[in-house]
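Novice: Coordinates for the following, if possible.
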Amino acid sequence: MRTRWVTPAALVVVALVTAGLSGCDRGGGAAPSAPSTTAPATTTAAADPFAAKNRTPDPQAVAIGLTKISLATAATGDQVIFEFTGNAVPGWAVHYVGQAVPNPGPAVLPMAGQSIIEVLIREAANPFKTGVPAYAGANPVIDPAVRSISEVRFASADRGITQAFIGLAIGQVGFRVTALTNPTRVVVEVDHR
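Specialist: Have a look, this model is predicted:
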């Protein structure tokens, strides 16, 4: 058995080719464009648009309450807007799931669509009983004009976490999460396919 040595020049070529391939998107096309420089109050950016998005709540985001869920269409994607009381920006954990399991489970919510995004809006550490009224708006939220989103369902508000699910009419696509203020809103935007 002979040992084959690799020259340093060959290693450099392999490293350059690997680095070039890591910038490609999941479809094998060009790398994604740079984010806009006119960003809103807070945004969660990730190298992988399919990856979970997380944010720690502002310390003042205590005893916030969900007041409204609405849908909208923008040039870059379809949006779900969660509007809250208070002025501080809450935290969030937003990711794809296989089923819509509300807290506390184990029941599964029936969801229209091909894929599901779970949205967890987190308050800052606070007492579990806040006295904030429960969400009383439409449930599910549906808008036929927003074609990539089948429905949005409010699931629960317990122990400082508001939970909702977004049913997508399409398979998994990239998404972004942004916070806006006056009023406080968390916007989940899914890419147009």
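Novice: quick one, what contacts the residue nearest to residue 91 when sequence neighbours are not counted?
Specialist: Of all residues not flanking residue 91 in the chain, residue 57 sits nearest, at 3.4 Å (C-beta to C-beta, 6 or more residues apart in numbering). Glycine gets a C-beta too; all of them are placed from N, C-alpha and C. Applying C-beta atoms under 8 Å, 6 or more residues apart in numbering, we find residue 57 in contact with 88, 89, 90, 91, 122, 123, 124.
Novice: Count the residues that sit near the third one.
Specialist: Using other C-beta atoms under 10 Å as the criterion, residue 90 is surrounded by 28 other residues.
Novice: That one: what's it in contact with?
Specialist: 57, 58, 61, 64, 84, 121, 122, 123, 124, 179, 184, 186.
Novice: out of the residues you listed, which one sits closest to residue 99?
Specialist: Nearest to residue 99 out of these is residue 121 (C-beta to C-beta; 19.6 Å).
Novice: Over to the closest one. Which of the three states is it?
Specialist: Under the three-state scheme (DSSP: H, G, I helix; E, B strand; the rest coil), residue 121 adopts strand.
Novice: ok, now how distant is it from residue 65?
Specialist: Distance of residue 121 to residue 65, given as C-beta to C-beta, to the nearest Å: 10 Å.
Novice: now swap in residue 179 and tell me
Specialist: Using C-beta to C-beta, we find residue 179 at a distance of 16 Å from residue 65.
Novice: element containing the most centrally placed residue in the chain?
Specialist: Taking C-alpha atoms, centre = their mean, the centroid of the chain lies closest to residue 94, which sits 3.9 Å from it. Counting by DSSP states H and E, the element that carries residue 94 is strand 91-97.
Novice: Please name every helix or strand in contact with that strand.
Specialist: With contacts defined as 3 or more C-beta pairs under 8 Å, 6 or more residues apart in numbering; DSSP states H and E, strand 91-97 has these neighbours: strand 53-55, strand 115-122, strand 175-180.
Novice: export the ones you listed to JSON lines and tack on mean pLDDT?
Specialist: Formatted as JSON lines, those follow (pLDDT from 0 to 100):
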{"stretch": "strand 53-55", "mean pLDDT": "93"}
{"stretch": "strand 115-122", "mean pLDDT": "96"}
{"stretch": "strand 175-180", "mean pLDDT": "95"}
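Novice: That's all I had, so thanks and see you.
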